[in-house]
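1. return atomic coordinates for the entry below.
(one chain, ligands or ions: 2)
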Amino acid sequence: MTTQAQLGVAVIGIGKMGADHVRRIDRVISGARVAAVADTDRERAESAAAGIAGCTAHTDPDAAMGAPGVDAVLIASPGPAHEETLLAALDRDLPVLCEKPLTPDTAGALRVLEAERKLGHRRVQVGFMRRYDAEYRQLARLLRDRELGRPLLLHCRHRNLSVHPYFTNEMMISDSVSHEFDAARWLLGEEIAAVRVLRPAPSSLAREGLSDPQLVIFETEGGVLVDVEIFLNTGFGYQVQAEAVCERGTARIGDEHALVTSADGRWGGRIAPDYIERFAAAYDREVQEWADAARRGEVTGPGVWDGYAAVAACEAGIEAQRTGRRVAVEMIERPKYPER
Ligand SMILES: NC(=O)C1=CN([C@@H]2O[C@H](COP(=O)(O)OP(=O)(O)OC[C@H]3O[C@@H](n4cnc5c(N)ncnc54)[C@H](O)[C@@H]3O)[C@@H](O)[C@H]2O)C=CC1
Ligand SMILES: O=C1[C@@H](O)[C@H](O)[C@@H](O)[C@H](O)[C@H]1O
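-> Ligands and ions are numbered 1, 2, ... in the order given. Below you'll find the predicted structure:
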């Protein structure tokens, strides 16, 4: 890193998430600035850079990473584009925050793992922002301290108002359930052993060919069962909920009880329309902590191994979705790896 005062970040991919991260780095967090942006769509890159002093706009991610004042990279392009940018960033030995999924498949994830291992220090953090959400953190602490005894079951609901028109059945696993795979590994401290997928008759609100909703059920190595309702075209809002059933009680998050109003003979609250609103504070904390760690030359959040483990579970999930069978998750043994 050249400038110690502020971390100069190149943001790659200025779609829904990338634009939100540009706003966050520019206006919300401290100690970092947007030094360059890249999008294959030139207009998007230029309009994101406009108004940010010293920020340059590019269509080539590598040019953005090599631009003056760039010390770190935030990747928010679609999953299939991640590997090339990750490998180029590691080649430059730059700290990276990469949106999930790390890569679309385990072969790509292993190439990234190997590139970082060769570098000899951790450089990549994966954007599993639920680990920075206040409610998730409370649940993690409760489970870690065994406050209610050993966890037995985890019931999850993951609902979106709607999704991009290009969303496929496979992406329901790789882009959406990938969050539950990571959250379950983190909350329970165990790897995922096998995945099953059940599909009811689809909602008429889903586009033709999209099997929405689905029920994804997985087992951890220690025998905890996790069920995930993944429902992406609810038409009513964004909900992410989880309930842990333990030996001596249950613990539940995501009920949106922040503000309940009573008026006109009814009571009720508001449902967030999307992840941008529901997880706003978590993204802020995630990017702040990543930037702070990057300035110290460290990575403190979920890394390449976590990204790989989630991709391995997604691969099993996609195979289970295709075949209707229970599919075991195949992973390499965890290599000796620098912790920091
Ligand atoms: N952590 C979270 O909660 C969320 C994470 N994501 C992740 O963020 C990433 C981006 O998702 P969205 O913003 O929803 O997608 P999007 O489709 O809205 O935006 C992607 C942008 O990347 C650009 N692009 C495509 N290929 C590129 C390349 N090779 N280099 C540079 N730019 C390229 C596109 O022109 C577009 O502007 C994905 O990995 C997605 O899974 C998305 C939503 C929420
Ligand atoms: O990562 C995300 C999106 O890519 C995905 O499409 C959504 O289903 C998730 O809720 C969101 O957090």
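2. which stretch of helix or strand covers the residue of the stretch 1-150 of the chain found nearest ligand 2?
-> Of all residues in the stretch 1-150 of the chain, the one sitting closest to ligand 2 is Lys100 (6.2 Å; Cβ to the nearest ligand atom). C-beta coordinates here come from the backbone N, C-alpha and C atoms, glycine included. Here Lys100, judged by DSSP states H and E, is contained in no helix and no strand.
3. swap in Glu243?
-> strand 239-246.
4. likewise Arg141?
-> helix 134-144.
5. how far does that helix sit from its chain's centre?
-> Helix 134-144 has its C-alpha centroid displaced from the chain centroid by 18 Å (Cα atoms, centre = their mean, to the nearest Å).
6. and the helix or strand following that helix, what does it pack onto?
-> Where DSSP H and E defines the elements, the next helix or strand beyond helix 134-144 is strand 151-159. Applying 3 or more Cβ pairs under 8 Å, 6 or more residues apart in numbering; DSSP states H and E, we find strand 151-159 packed against helix 178-188, strand 225-231, strand 239-246.
7. tell me the angle the second one makes with helix 178-188.
-> Between strand 225-231 and helix 178-188, the angle comes out at 150 degrees (axes from the mean of the first three to the mean of the last three Cα atoms, to 10 degrees).
8. what sits against the residue of the stretch 1-150 of the chain closest to ligand 2?
-> Gly79, Val126, Gly127, Phe128, Asp175, Ser178, His179, Asp182, Gly307, Ala310 (Cβ atoms under 8 Å, 6 or more residues apart in numbering).
9. quick revisit: now render the helices and strands packed on strand 151-159 as JSON lines, adding mean pLDDT.
-> Below are these laid out as JSON lines (pLDDT from 0 to 100):
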{"stretch": "helix 178-188", "mean pLDDT": "98"}
{"stretch": "strand 225-231", "mean pLDDT": "98"}
{"stretch": "strand 239-246", "mean pLDDT": "98"}
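10. what's the spacing between the residue most central in space within the chain and ligand 1?
-> By Cα atoms, centre = their mean, the mean C-alpha position of the chain lies nearest to Phe128, the distance being 3.4 Å. Phe128 is 7 Å from ligand 1, where distance means Cβ to the nearest ligand atom, to the nearest Å.
11. now swap in Ala45 and tell me
-> 8 Å.
12. so who does that residue touch?
-> Ile14, Val37, Ala38, Asp39, Ala57, His58, Thr59.
13. how many neighbours does the second one have?
-> When neighbours are counted by other Cβ atoms under 10 Å, Val37 registers 30.
14. show the subsequent helix or strand relative to the helix or strand hosting it.
-> Element membership of Val37, judged by DSSP H and E, is strand 32-38. Later in the chain than strand 32-38, the nearest helix or strand by DSSP H and E is helix 42-49.
15. so for that following helix, what gets flagged as buried?
-> Neighbour-count burial for helix 42-49 flags Arg44, Ala45, Glu46, Ala48, Ala49 (criterion: 16 or more other Cβ atoms under 10 Å).
16. residues touching the helix or strand that comes right after that helix, excluding its own?
-> As assigned by DSSP H and E, the chain's next helix or strand after helix 42-49 is strand 56-58. Contact with strand 56-58 is made by Ala35, Ala36, Val37, Ala38, Arg42, Ala45, Glu46, Ala48, Ala49, Ala64, Ala67, Pro68, as judged by Cβ under 8 Å, 6+ apart.
17. give me that answer again for 7 Å
-> The contact list for strand 56-58 (Cβ atoms under 7 Å, 6 or more residues apart in numbering) reads Ala36, Val37, Ala38, Ala45, Glu46, Ala49, Ala64, Ala67.
18. same check, this time on stretch 189-209
-> Contacts of stretch 189-209 (Cβ under 7 Å, 6+ apart): 165, 181, 184-185, 210-222, 224, 233, 235, 309, 313, 316-317, 320-321, 326-329, 331.
19. could you pull out the buried residues of that stretch?
-> Glu190, Glu191, Ile192, Ala193, Ala194, Val195, Arg196, Val197, Pro202, Ala206.
20. closest to Glu116 out of these?
-> Nearest to Glu116, judged by Cβ to Cβ, of those is Glu191 at 19.7 Å.
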